[in-house]
Each structure stands twice: as structure tokens, then as C-alpha cells.
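J.: what's the 3D shape of this:
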Amino acid sequence: MATLTRYNPFRELDEMITPLRLFQDSVNRIFSEGAATRPWTPSVDIKETENEITLIADVPGVDQKDLEIKIEDGTLTLKGERKFEEEKKGEGYHRIERGYGSFVRCFSIPDSVDPEKVKASYKNGVLTVHLPKKEVAKPRTVKVSVD
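T.: Numbering: from 1, shown residues only. Prediction:
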């Protein structure tokens, strides 16, 4: 007795595309579901003047109490955490693209910085760390007289 099978001219094409669809679905799931726990790193600008080095970090959504600045053995360490707001009943996200969780950034600071005079400020999601230079490291102008 012979078994009847319905002819599908696209069967081979479907068999070839299925693994691609599975891969694409997996990648999409990683990026959509894992965003709330995906690690992130704040962007930082560092500029220097003759009197100080200034580090400016974008840390929007990070509470000031969740920021820590430490200087040890010539290294400035920034630590913090941006917490994910849990979904409230009746609310749901369509997309989550921002990263959440803890971060750590470390920067080598030169010997010319006076670690005792470092100051930091936090305003509108921007952390600014002022690293004043030691007096001996500041450039000086010496007037030379010619006889």
C-alpha cells in the first residue's frame, strides 16, 4: 500500500530557512529579554588644563548614593549601579534598549595629581571629578633678564 504525500514545491526552501529563522529568533530574544541585565559602561571624557585633570562621566539614571569614587595606588576607580525599575502591574515594555546593572571604570592617574584635593560633583546625570595638579607639576614662567 502506497502512502500519499502532498507535493510542496517550497519544502526544500522551508528546510533551509528554518535554521536561519531559529538563529535570528535566538539573537532577537537575547537582545530583547536580556537588556534589563545587560552590562553597560558609562561614557567618559577626560580633559587637562595647566591646573587640573577633569573626568566627566555620563551616568544618567544612577542615584548619587549608588556612585563610589576611590583613588588608590595611582588608580581612580568609578563604581556605580543603574537599577532597573520593575514592571508595575498593568504595565509592560515594548522595548528595552538601555543597559542596567553595575559598572566599574578604572583610570590611571599621573603622579602630578594631588589625591588629597580631589573633588567630585554630580548634576543632571553627569559626574565630574576634578583632579588638581600638585604645585610642582604646574608649568611656571621664568623671566630671564639679558645683560
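J.: make it CA atoms for all contacts and neighbour counts henceforth
T.: OK.
J.: who's in contact with the residue nearest the centre of the chain?
T.: The geometric centre of the chain, computed from its C-alpha atoms, lies nearest to Thr41 (C-alpha atoms, centre = their mean), at 1.3 Å. Counting by C-alpha atoms under 8 Å, 6 or more residues apart in numbering, Thr41 makes contact with Phe103, Val104, Arg105.
J.: so after the helix or strand of the chain with the lowest mean pLDDT, what's the next helix or strand?
T.: Least confident helix or strand, the chain: helix 11-33 with a mean of 64, by mean pLDDT, DSSP states H and E. For helix 11-33, the following helix or strand on the C-terminal side (DSSP states H and E) is strand 44-48.
J.: Chain neighbours aside, what residue packs nearest to Val62?
T.: Of all residues not flanking Val62 in the chain, Arg82 sits nearest, at 4.8 Å (C-alpha to C-alpha, 6 or more residues apart in numbering).
J.: Output the below-cut-off pLDDT ranges for the protein.
T.: Scanning the chain for pLDDT under 70 picks out 1-2, 9-22, 25-39, 87-90, 137-139.
J.: Which strand residues bridge Gln105?
T.: One correction, residue 105 is Arg, not Gln. Here Arg105 sits in beta bridges with Leu78, going by DSSP bridges.
J.: and it, how many neighbours?
T.: For Arg105, the count of nearby residues is 14 (other C-alpha atoms under 10 Å).
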